[in-house]
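S.K.: below are the sequence and a predicted model; questions follow.
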Amino acid sequence: MNVLSFKKESIGQSIFLISAFLGGLVLNPVPVYAGNKDKTSVIQDVQLTTGREDRPVRPVKNVILMIPDGCSLATVSAARWYQWLKHPDRPALYIDPYVCGTVRTFCSNAPIGDSAPTTSCYMTGETSRTGFVSTYPPYSGEADIFSVDSTRAYQPMMTVLEASKILYGKSTGLVFTCEFPQATPADCSSHCYNRNDYTSIASQMVHNNVDVVIGGGTGYLQKDQQHYLKNNGYQVQLNNLTALRTFDGNKVWSLFGEEDIPYDIDRNQDSFPSLEEMTTKAITTLSKNGNGFFLMVEGSKVDWAAHANDPIGMVTEFLAFDKACKVALDFAKKDGHTAVLILPDHGNSGISIGVNRLPGYSKLTKDQLFGHLINYERTSVGLAALIKAADHSQVKDLIRQYAHLNLSDKQLDLIDQSNDYDKSPITVEQRKKGPALSSLLAEIMTDSTGFGFTTHGHTGEEVFMAAYHPQHAIPTGVRFNVEINDYLCQWLKIGHKLPELTSTYFAKHSEVFKGMSYTSDTTVPSGHPVLTVRHNGNTLKVTDDSNVVNLNGKDIQLNTVVVYVDKNQTYYLPEKLAKWLN
């Protein structure tokens, strides 16, 4: 019996080609389908043609989802080599014993995705478009990879984090190193078709009552949001590492850095926590709840370093993430009621170990391929910061000290041409419009290694998957991204309830308040539109991106947020609100 099943979608009219994606090559091709195949049928066909069998999925009390953002498999390989050469007694990563398969990541209408739709599919079970945060995609015709219901376009989709809280009263947590409204943490606890709309996303994340939030982004937490959190029993910590380390409560927002936490190799350990430490604190706090917890931990800046083509940033960020995985895995094995799933959301940069610019690269020794890499003591961003803070005369010495490279006069001239290097002896008007200093340093540092890159953007190859479950009920083999959600839901005893919860908590206001009088004000100074409904002498005011509604002058908190979508001028809100007015 196949224990994994998926909700049938409405049938599109397109022809769908479902294939495995790896660097643009088609592997294990599945036949072209004529418009009547949804994701359930495609997945069942894959199971039949490959002989794949699913194990029974046994529920657990706690689930920890670990995501190294934008992490290609070559990044993992490079990190493993780096660690082994730096520490000869450590040839393996902490995740190695738990690697169990790969995941095919893609958008609803494109083989290559960004963090918003790719993490969204893990959280909701539905694929979505580039930039969409846990929001149903519009219909794209033949471009759609799975069938898409055009009537659901822009509807917020219930996430496993929200559902575990609503159904079972579990505690929830988010840990990351980027700013908190970034796509991956946002996908767990907010809904927006524009991942860059931090005004909406930050407000929703605050009002979704996530118990533990630890990461970057002090500059994005507004005063009124801090006030809301404090009034609801949270300790709010801003750039206060001592407060985080001594915290012994149940609810906390602890943020560091105006935007993000520095790369691990650049990090001041007296000011910024490691991902390992943040994960430890989150698990310690969340595990106090007898109902269990759901925690998402993101190694956010593996992706950032990949965008920068900075190999030392990529490998050291992944190793920092691997240490956080050890924390989660050690807890799970000791606890006996916790499952851990580890997988990237997508690949990035097309990194390769070996590159054409090095003649005979396949015959180079380990020292020739990795020698310079293991000596780097800063990322390109960290080294750029040191150079900008020092006198121009110190540039060569700083690069020799932190990158162990002897800078040529030609390379120094390139640095002086950088468009953001204020201490350059060349005036801005005379410069040749060179790249930013950190980008130039990344090129110089990469050229001294055996690594190559094909792009500064995301890539479409499969990503690794690792898992732990106390009864070994883990996903194995090659999986579609939407299948990951089913495992999370089964582990959390959510089953197939996400579509029903989506319909219940994110219904269209025009349907919920049908026959009632209502007006919408989208010009409010706060930027959060307000819906006012009047019926039977009652007045209900509903504010976008908030869980607080006002009924006849009294504030009431919902257990989900209200989302307004300007594309269709619709508020998505709980069906139960209509009953309050009758």
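M.R.: Everything's here; your move.
S.K.: need the pLDDT of residue 508.
M.R.: On pLDDT, residue 508 comes in at 98.
S.K.: backbone dihedrals for it, please?
M.R.: Taking degrees, to the nearest 10, you get phi -70, psi 140 for the backbone angles of residue 508.
S.K.: got a list of what the closest residue to it other than its chain neighbours touches?
M.R.: Leaving out its chain neighbours, the residue that sits closest to residue 508 by CB to CB, 6 or more residues apart in numbering is residue 570, at 5.2 Å. (Glycine included, C-beta is placed from N, CA and C.) By CB atoms under 8 Å, 6 or more residues apart in numbering, the contact list for residue 570 reads 154, 508-510, 564.
S.K.: which of the residues you listed are buried? Put it as a ChimeraX command.
M.R.: Of these, the buried ones go into a single ChimeraX selection, burial set by 16 or more other CB atoms under 10 Å:
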select :154,508,509,564
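S.K.: quick one: which of the contacts of residue 570 sit in helices?
M.R.: 509-510 (DSSP state H).
S.K.: on that earlier part again, so what's the residue nearest to residue 508 bridging to?
M.R.: Residue 570 has these beta-bridge partners by DSSP bridges: residue 565.
S.K.: and the pLDDT for it?
M.R.: 97.
S.K.: name the single longest strand found in this structure.
M.R.: Ranked by number of residues, the top strand in the chain under DSSP state E is strand 171-179.
S.K.: averaged pLDDT, it. What do you get?
M.R.: Averaging pLDDT along strand 171-179 yields 98.
S.K.: before we move on, what about stretch 283-294?
M.R.: Mean pLDDT, computed over stretch 283-294, is 98.
S.K.: first to last residue in that stretch, what's the distance?
M.R.: 10 Å (CA to CA, to the nearest Å).
S.K.: chain center to that stretch: distance?
M.R.: Centre-to-centre, stretch 283-294 and its host chain are 21 Å apart (CA atoms, centre = their mean, to the nearest Å).
S.K.: residues of that stretch that come out buried?
M.R.: In terms of neighbour count (16+ other CB under 10 Å), stretch 283-294 has its buried residues at 283, 285-287, 289, 292-294.
S.K.: quick one, helices of the stretch 251-400 of the chain?
M.R.: Taking DSSP state H, counting those that start in this stretch as the test, the helices found in the stretch 251-400 of the chain are 275-286, 301-307, 311-335, 366-370, 380-389, 395-403.
S.K.: output these as TSV; include the columns distance to residue 46.
M.R.: Putting the helices of the stretch 251-400 of the chain into TSV (distance: least, CB to CB, whole Å) gives the following:
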stretch	distance to residue 46
helix 275-286	34
helix 301-307	28
helix 311-335	28
helix 366-370	37
helix 380-389	41
helix 395-403	46
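S.K.: of these, which shows the lowest average pLDDT?
M.R.: The minimum mean pLDDT among the helices of the stretch 251-400 of the chain belongs to helix 366-370 (a mean of 91).
S.K.: so which elements touch it?
M.R.: Judged by 3 or more CB pairs under 8 Å, 6 or more residues apart in numbering; DSSP states H and E, the packing partners of helix 366-370 are helix 73-86.
S.K.: return the helix or strand that the helix it packs on is followed by as PDB; C-alpha atoms alone will do.
M.R.: The first helix or strand that comes after helix 73-86 along the chain, using DSSP states H and E, is strand 99-104. Output of strand 99-104 as PDB, limited to C-alpha atoms (Å, rounded to 0.1, in the frame of the first residue of the first chain):
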ATOM      1  CA  VAL A  99      22.100  10.900   3.600                       C
ATOM      2  CA  CYS A 100      19.200   9.000   2.100                       C
ATOM      3  CA  GLY A 101      18.400  10.400  -1.300                       C
ATOM      4  CA  THR A 102      17.900  13.500  -3.500                       C
ATOM      5  CA  VAL A 103      15.200  16.000  -4.200                       C
ATOM      6  CA  ARG A 104      14.000  17.500  -7.500                       C
END
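S.K.: buried ones in strand 99-104, by neighbour count?
M.R.: Using 16+ other CB under 10 Å as the test for burial, strand 99-104 gives 100-104.
S.K.: tell me what angle that strand forms with helix 73-86.
M.R.: 150 degrees (axes from the mean of the first three to the mean of the last three CA atoms, to 10 degrees).
S.K.: just how off-centre is strand 99-104 within its chain?
M.R.: Put simply, strand 99-104 sits 17 Å off its chain's centre (CA atoms, centre = their mean).
S.K.: what about residue 377, neighbour count?
M.R.: The local packing of residue 377 (other CB atoms under 10 Å) involves 14 other residues.
S.K.: and what of residue 501?
M.R.: Neighbour count of residue 501, defined by other CB under 10 Å: 18.
S.K.: check which helix or strand covers it.
M.R.: Going by DSSP H and E, residue 501 is part of helix 498-505.
S.K.: counting contacts, what elements does that helix pack onto?
M.R.: Using 3+ CB pairs under 8 Å, 6+ apart: helix 498-505 touches helix 160-168.
S.K.: now the helix it packs on against strand 171-179, angle please.
M.R.: Calculated by the same axes, to 10 degrees, helix 160-168 forms an angle of 160 degrees with strand 171-179.
S.K.: wait, isn't residue 217 in contact with residue 254?
M.R.: No. Contact criterion CB atoms under 8 Å: residue 217 and residue 254 do not qualify, at 10.9 Å.
S.K.: for the nearest residue to residue 208 once chain neighbours are set aside, give me phi and psi.
M.R.: Spatial nearest neighbour of residue 208, excluding adjacent residues (CB to CB, 6+ apart): residue 189 at 4.4 Å. Here is the backbone geometry of residue 189 (degrees, to the nearest 10): phi -140, psi 20.
S.K.: likewise for residue 216?
M.R.: The phi/psi pair for residue 216 (degrees, to the nearest 10) is phi -100, psi 170.
S.K.: same question, residue 467
M.R.: Backbone torsions of residue 467, given as degrees, to the nearest 10, read phi -160, psi 150.
S.K.: what sits against it?
M.R.: 98, 100, 339-342, 474-475.
S.K.: the same query, at a cut-off of 10 Å, please.
M.R.: 66, 95, 98-101, 329, 339-343, 473-476, 484, 487, 491 (CB atoms under 10 Å, 6 or more residues apart in numbering).
S.K.: mind checking which of these are buried?
M.R.: 66, 95, 98, 100-101, 329, 339-343, 473-475, 484, 487, 491.
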